[in-house]
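J.: what shape does this take:
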Amino acid sequence: MSKILFVSSGNTGQGHESIRRSLQAQLENTENLETDSVDGFLLGNRFFHAVSMLYDPIALRFPTLWDICYKITDSTVRQINFIVSRIIRKKLTEFIEQKQPDLIVTVHPVFVGSVINVLEKGNLNIPVVTIIADLDNVSALWADKRAKYILCPTAEGKERMLGLGISEERVKVVGFPSRKEFCEPGPPPPPDYEKISGGNVSILMINGSQGNKKAAKVAKSLLNFDKCRLSIIAGNNAKLKKSLEESLRAENDGRVEIHGFVRDMAGFMSKADILVMRASPNVMMEAVNLCKPIIIVGSLTGQEKKNPEFAANNSIAVNCRDINELPNILSDMLGDGGAQLDAIYRGQLKFRKPLAAKEIAEFIMSVAGAGEYRAELPLGGDCADASA
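T.: Next up is the predicted model:
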C-alpha cells in the first residue's frame, strides 16, 4: 500500500485547494493507494494560521503592499523556510509518523523548503514533489534543489525554475490540473460565430476577488453594450450579491441574473458565449479547457501580476486594461464575422491540456511506487522519465 500526502492551504485563495482536490479526485478508488491532505498553516500555532487568513484582505484591499511582500519573498527564501519549518516541525512530524506517507506533494510555495527542512531534521527519507500553482511571475519559494521533482504548468514556470538553479531533469512542464468536469479530452466544437455576432450575446461574469465596487463597475460597463444578457456569479460573498442587486437595479431591464455560490460552474460556463473574469489561473484554465472566449478584467498583484499579459500573448483571452472600454472590446470581438472569437478558440485549442490532472496523478503515483506512468498526451515532452 502506497501513501501520498498533499500539503496545501485553504485560506490563501482557493487555487491551491482546487489543484489538490483535482489531483486527489483522479486518485480516488485506486488500488493499493491511500491519499491524505493537510492544511500547512494548521500545522503551526494559532498566530500562524491567522496569518494565512490575512491573504485575501491584504491582496484585495492593499494590492501595493501585497506586491511588495511577494517581491520580498524572492530574497528571503532561506529565512522564510527556516522560520516556517520551526513553526510546523512538531505537528508535521507527528502527522507523518501517524500517516507514514511514501511521498509528499506540496501545492503551496511556503511548504516546499520548509517541509524539506523538517524531513531532513528528522532524518525522514521521504521524497517531495512540488506542483507550482502559478502560470508566470513564479515565486522563488517554489524552487528547492532538494525536491524530487518540480512540476510546472507552463514553459515560463520551467524557465524560472531553471534560472533559480534547479536541474533540468527535476523540472517538468505538465500543464495546469483542473477539476474533472473541465477535463473532457475531446475539444468542444467552434462556437456559432454568426449567431453570437447577431446580437443578444450571453456573458458570464465570474467575480472572484474583485471587491464590491469594482464588480459593480464591470457589470455596468458590460450592460452599456446593448446586445447582451449578463449572468454574474458572486460566489459565497452574500454581501456582494446583495450589493450588486441593489447597484444594478436601475440597469436591470431583465438582462441581468445574479447568482451566489453555484456547484455547476462548468454548466454555467458552457452556456455562456463570453466569460469575464479576473486573471485567476485556475478559473482561466477551466475556461480554456472548455474553449470559451475570455475577457480579463484585472488581476491580483504578486503571483497573478503577469497573467493578463500571459493570456493575451498565448491568444487564450483578451486583456481589458480599462473597464470603460468593455463595450468596445465586445464590439470588436463580435465584429468581422467573429474573427477575434475564432482566433481565441484556436489559441485555446493549442493551449488546453484537459488530461493534465490525470497525467500528473499518474506521474506522482509512479514516484510513490504505486503505479507506472502512462501519459495519454505529451506533457511538454518532459514527463516520460518518472523513474529518474
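J.: how many neighbours does residue 50 have?
T.: 12 (other CB atoms under 10 Å). For every residue, glycine as well, the C-beta is placed using N, CA and C.
J.: quick one: secondary structure of it?
T.: Under DSSP: H, G, I helix; E, B strand; the rest coil, residue 50 falls in the helix class.
J.: distance of the spatially closest residue to residue 15 that is not a sequence neighbour relative to residue 166?
T.: In this structure, residue 15 finds its nearest non-sequential neighbour in residue 282, 4.7 Å apart by CB to CB, 6 or more residues apart in numbering. Here the criterion is CB to CB, to the nearest Å. By it, residue 282 lies 24 Å from residue 166.
J.: which residues of the stretch 1-150 of the chain score low on pLDDT?
T.: For the stretch 1-150 of the chain, no stretch has pLDDT under 70.
J.: over to residue 45: give its phi and psi.
T.: phi -80, psi -180 (degrees, to the nearest 10).
J.: an error on my part: the question was meant for residue 329.
T.: Dihedral angles (degrees, to the nearest 10) for residue 329: phi -60, psi -40.
J.: returning to that earlier point: which residues does the residue nearest to residue 15 contact?
T.: By CB atoms under 8 Å, 6 or more residues apart in numbering, the contact set of residue 282 is 14-15, 18-19, 176, 178.
J.: and it, what element?
T.: Using DSSP states H and E, residue 282 falls within helix 281-289.
J.: beyond that helix, next helix or strand please.
T.: Remark: after helix 281-289, the chain's next helix or strand is strand 294-296, criterion DSSP H and E.
J.: state the mean pLDDT of that following strand.
T.: Across strand 294-296, the average pLDDT comes to 97.
J.: contacts for that strand?
T.: If you take CB under 8 Å, 6+ apart as the criterion, strand 294-296 is touched by 274-279, 284, 287-288, 307-308, 311-312, 316-320, 326, 329-330, 333, 344.
J.: filter the residues you listed to the buried ones?
T.: Among those, the ones that count as buried by 16 or more other CB atoms under 10 Å are 274-279, 284, 287-288, 307-308, 311, 316-320, 326, 329-330, 333, 344.
J.: among these, which lie within strands?
T.: 274-277, 318-319 (DSSP state E).
J.: can I get those residues in TSV including pLDDT?
T.: Formatted as TSV, these follow (pLDDT from 0 to 100):
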residue	pLDDT
274	96
275	97
276	97
277	95
318	97
319	97
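J.: ok, the residues you listed vs residue 224, which is closest?
T.: Nearest to residue 224 among those, counting by CB to CB, is residue 276 at 13.3 Å.
J.: list the contacts for the closest one?
T.: Residue 276 neighbours (CB under 8 Å, 6+ apart): 203-206, 218, 222, 294-295, 297, 326.
J.: run through the bridge partners of it.
T.: Using DSSP bridges, the bridge partners assigned to residue 276 are residue 205, residue 295.
J.: still on that earlier bit, between the contacts of residue 276, which sits nearest residue 171?
T.: residue 294 (27.8 Å).
J.: can you give me the strands for the stretch 101-250 of the chain?
T.: 103-106, 128-131, 149-152, 171-173, 201-206, 228-233 (DSSP state E, counting those that start in this stretch).
J.: find the nearest non-adjacent residue to residue 361, please.
T.: Spatial nearest neighbour of residue 361, excluding adjacent residues (CB to CB, 6+ apart): residue 26 at 3.7 Å.
J.: where does the stretch 251-388 of the chain have low pLDDT?
T.: Ranges of the stretch 251-388 of the chain meeting pLDDT under 70: 252, 371-388.
J.: can you show me the helices along it?
T.: Residue ranges of the helices in the stretch 251-388 of the chain, as given by DSSP state H, counting those that start in this stretch, are 265-271, 281-289, 307-313, 326-334, 339-351, 356-368.
J.: I'd like to check the angle between the second one and helix 356-368, please.
T.: In terms of direction (axes from the mean of the first three to the mean of the last three CA atoms, to 10 degrees), helix 281-289 departs from helix 356-368 by 120 degrees.
J.: and this protein, what are its domains?
T.: Here the domain assignment for the chain is 2-182+354-368, 193-351, based on automatic domain parsing.
J.: start to end distance for the last one?
T.: Translated: domain 193-351. Taking CA to CA, to the nearest Å as the measure, domain 193-351 stretches 21 Å from start to finish.
J.: how about the longest one?
T.: End-to-end distance for domain 2-182+354-368: 7 Å, by CA to CA.
J.: which one is residue 180 nearest to, not counting chain neighbours?
T.: residue 25 (5.6 Å).
J.: how about residue 93?
T.: Closest to residue 93 by CB to CB, 6+ apart is residue 122, at 5.5 Å.
J.: contacts only, for the one you found.
T.: 89, 93, 96.
J.: now neighbour count too, for these, in JSON lines please.
T.: Shown next, in JSON lines, are the contacts of residue 122 (neighbours: other CB atoms under 10 Å):
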{"residue": "89", "neighbour count": "18"}
{"residue": "93", "neighbour count": "16"}
{"residue": "96", "neighbour count": "19"}
